[in-house]
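[1] compute the structure for the input listed below.
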Amino acid sequence: MTLRFTPSILVRTIAVSWAVAILGIVTFAMSVEPQHRRALLNAVDSKAQIMGRSIRDVASSALVVEDYGAVVEHCMNIVEGGGDVPFIVITRNDGFSLVQTAKGWTTSQLDGEWRPSTGRIASGAIRQTSVWPDEVYLRSEPLDYSGIEWGWIHMGMSLRDYDAERLALRNRTYVIAGLAILVGLCASIVMGRRLTTPIVRLTEVSRRVTVGDWTAKANEESSDEIGQLGHAFNDMTTTLQGTLDELTRARDAAEAASRAKSEFLANMSHELRTPLNAIIGYSELLREEAEDRGDTSSQTDLSRIESASRHLLGLIDEVLDFSKIEAGRMTVAMVDVEVPALVDDVAKTARGLVEKNLNSFDIDCAPSLGTMVTDPVKTRQVLLNLLGNAAKFTRNGHVRLAVRRVSAAGGDYVEFVVSDTGIGITPEQQARLFTPFTQADSSTTRRFGGTGLGLVITKRFCDLMDGSLDLESVPGAGSRFTVRLPARPAARAGDVAPSSVPPAA
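    Purely as a prediction, here's the structure:
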């Protein structure tokens, strides 16, 4: 599973704090700046209205008789009064205009914006004019006298103070924004650390608990959510520790019971083998004496006694081997073995079992296979168990033992393949095939007998010799067991040093 990169809680807390601070400042600036701008323009417009009234009072009577002196003098005083009014334009309805600037006054014929056609309503706006190079707040008021619509008074109000106030507001906003971001950053770092430090400590405690340090406890001093989390974590570890202790005691009891069971089985197996070996020996002796006397009836009975005793001895041997494996007392003696000779010995022993059910028996083992280091007794038992199973579950069919050398990533191996054309094994039966005291199903036990330990022991023996056992089967078509053993296994403690031994006769 690919893990996505996720920023730490501290980084995310700082980022959120910054985002909130910046968003708040931007919102504040966007809401305050237009209001401040309108307030400044209203102040400029109010000042223009006051000047407009004074000009209108002076010009109303003077302009009717075309006495411009008083008007020019009054306008000059306003324009030269500090630079707040760069120009004043008084326009008649016919376009004749008196233009007063700091440089002096002139007359001109002006049209367009100087003679509004939208009605005689006072208005004001920031704009660029033809009589002054800079933008100004142009206040236009109608000039009437005794009900006569004479013209217009236009006052260009300087935006110097307006621009300075806006710049000062912008600078104050930048300073406040910087301070807010800095304070937010510091506060987010402090709060983030107060939030993440307990989490980091809880993570460290959980790591210690993971490796088995049950003395590690989370901090429960605070009463907030982190403290509650620590309290819940401590309760959980206490419960887990109690559960683990119970499981440990149950495991120890189970292991002790298993060892006792294995020891009981081993002891009982030894106790049963002694009289059975005596029964087999006496049966052989009595059968030979019956043969000498020609007593065929007694020979048949004694052969049945011997066969049943050997069968029971085989079952007891399986139980004894399984008990040794369970008790961990099964060892291997690894020696050099001639593979063809070992296979020939196994074939001689198994041929009678295979042909008993009218099966054909085929051996494929090249004489050039050479030697391998293995435990010959356990290897022989593995092959005999598999061939015995193949013979038992196959009637009027074919059983085959094929041996070959193979190379794999781990080195050279000797592969023994036992195949048959018997009843086969279903996938459901294969799932429990290597479970102790279990056969494919109950009908198999009733029909063919057995303890259900043969394949379990075979699998355990393969594991002990660093090998493997694989199964392929088709119900109704037969089975194929593959035993793969290393030709030269790595040396292990307790193994017998390799030496050449002759195969069993």
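[2] okay, and for the stretch 351-500 of the chain, where does confidence drop off?
    Within the stretch 351-500 of the chain, the ranges that satisfy pLDDT under 70 run 410, 436-452, 491-500.
[3] tell me where it has strands.
    Assigned by DSSP state E, counting those that start in this stretch, the strands in the stretch 351-500 of the chain fall at 360-365, 371-374, 398-408, 411-420, 468-474, 478-486.
[4] can you check the stretch 51-200 of the chain too?
    Under the criterion DSSP E, counting those that start in this stretch, the stretch 51-200 of the chain carries strands at the ranges 87-92, 96-101, 104-109, 123-127, 136-145, 148-157.
[5] so for Arg293, which of those strands sits nearest?
    Each of the strands of the stretch 51-200 of the chain was checked against Arg293 via C-beta to C-beta, and the shortest separation belongs to strand 123-127, namely 143.3 Å. For every residue, glycine as well, the C-beta is placed using N, CA and C.
[6] rewinding a little: which of the strands of the stretch 51-200 of the chain sits closest to Leu433?
    When these are ranked by proximity to Leu433, the top entry is strand 123-127, at 95.7 Å, counting by C-beta to C-beta.
[7] okay, the angle between that closest one and strand 148-157?
    With axes from the mean of the first three to the mean of the last three C-alpha atoms, to 10 degrees as the criterion, the two stretches strand 123-127 and strand 148-157 enclose an angle of 40 degrees.
[8] for strand 123-127, packing partners?
    Using 3 or more C-beta pairs under 8 Å, 6 or more residues apart in numbering; DSSP states H and E as the contact criterion, the secondary-structure elements in contact with strand 123-127 are helix 9-62, strand 136-145.
[9] make it 7 Å
    Applying 3 or more C-beta pairs under 7 Å, 6 or more residues apart in numbering; DSSP states H and E, we find strand 123-127 packed against strand 136-145.
[10] just checking: what are the partner strands of the strand it packs on?
    Each strand pairing with strand 136-145, determined using DSSP bridges, is listed with its direction: strand 123-127 (antiparallel), strand 148-157 (antiparallel).
[11] okay, Val32: pLDDT?
    Confidence per residue is given as pLDDT, and for Val32 that number is 76.
[12] counting neighbours, what do you get for Pro7?
    10 (other C-beta atoms under 10 Å).
[13] about what we covered before: would you turn the strands of the stretch 351-500 of the chain into TSV with distance to Leu167 and mean neighbour count?
    Putting the strands of the stretch 351-500 of the chain into TSV (distance: least, C-beta to C-beta, whole Å; neighbours: other C-beta atoms under 10 Å) gives the following:
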stretch	distance to Leu167	mean neighbour count
strand 360-365	101	15
strand 371-374	95	22
strand 398-408	83	16
strand 411-420	85	20
strand 468-474	86	15
strand 478-486	88	21
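[14] which residues touch the residue lying closest to Gly454 once chain neighbours are set aside?
    With sequence-adjacent residues excluded and distances taken as C-beta to C-beta, 6 or more residues apart in numbering, Gly454 is closest to Asn385, at 4.7 Å. With contact taken as C-beta atoms under 7 Å, 6 or more residues apart in numbering, Asn385 is in contact with Gly454, Ile457, Thr458.
[15] quick check, nearest of the residues you listed to Gly52?
    Set against Gly52, the nearest of the contacts of Asn385 by C-beta to C-beta is Thr458 (116.5 Å).
[16] now do that closest one against Arg484, distance only.
    Using C-beta to C-beta, to the nearest Å, we find Thr458 at a distance of 13 Å from Arg484.
[17] what about the stretch 151-300 of the chain, any weak spots by pLDDT?
    Scanning the stretch 151-300 of the chain for pLDDT under 70 picks out 262, 265-266, 269-270.
[18] give me the helices and strands touching the biggest helix by length in the chain, please.
    Longest helix in the chain by number of residues (criterion: DSSP state H): helix 225-293. Contacts of helix 225-293 with other secondary structure elements, assessed using 3+ C-beta pairs under 7 Å, 6+ apart, are made with helix 160-210, helix 296-327.
[19] run the angle between the first one and helix 225-293 for me.
    I take that to be helix 160-210. Using the same axes, to 10 degrees, helix 160-210 lies at 30 degrees relative to helix 225-293.
[20] highest average neighbour count across the strands of the stretch 51-200 of the chain?
    Of all the strands of the stretch 51-200 of the chain, strand 87-92 has the most neighbours on average by mean count of other C-beta atoms under 10 Å, namely a mean of 24.
[21] who touches that strand?
    Contacts made with strand 87-92 from outside it, assessed by C-beta under 7 Å, 6+ apart, are listed as 55, 59, 71, 75, 78-79, 97-101, 110, 114-115, 131-132, 143, 150-156.
[22] that one - which strands sit beside it in the sheet, and in what orientation?
    Each strand paired with strand 87-92, and its direction, by DSSP bridges: strand 96-101 (antiparallel), strand 148-157 (antiparallel).
[23] just put those in a markdown table and tack on distance to Ala333.
    Below are those laid out as a markdown table (distance: least, C-beta to C-beta, whole Å):
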| stretch | distance to Ala333 |
| --- | --- |
| strand 96-101 | 123 |
| strand 148-157 | 115 |
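[24] residues in a beta bridge with Thr482, which ones?
    Beta-bridge pairing of Thr482 under DSSP bridges involves Val417, Asp470.
[25] okay, buried residues for stretch 60-79 please.
    The neighbour-count check on stretch 60-79 (16 or more other C-beta atoms under 10 Å) flags Ser60, Ala62, Leu63, Tyr68, Val71, Val72, His74, Cys75, Met76, Ile78, Val79 as buried.
[26] which one of the strands paired with strand 87-92 lies nearest to Met465?
    Closest to Met465 of these is strand 148-157 (C-beta to C-beta; 106.9 Å).
[27] coming back round to it: find the residues that touch each one of Thr458 and Arg484.
    A shared contact of Thr458 and Arg484, defined by C-beta under 7 Å, 6+ apart, is any residue touching both; here there are none.
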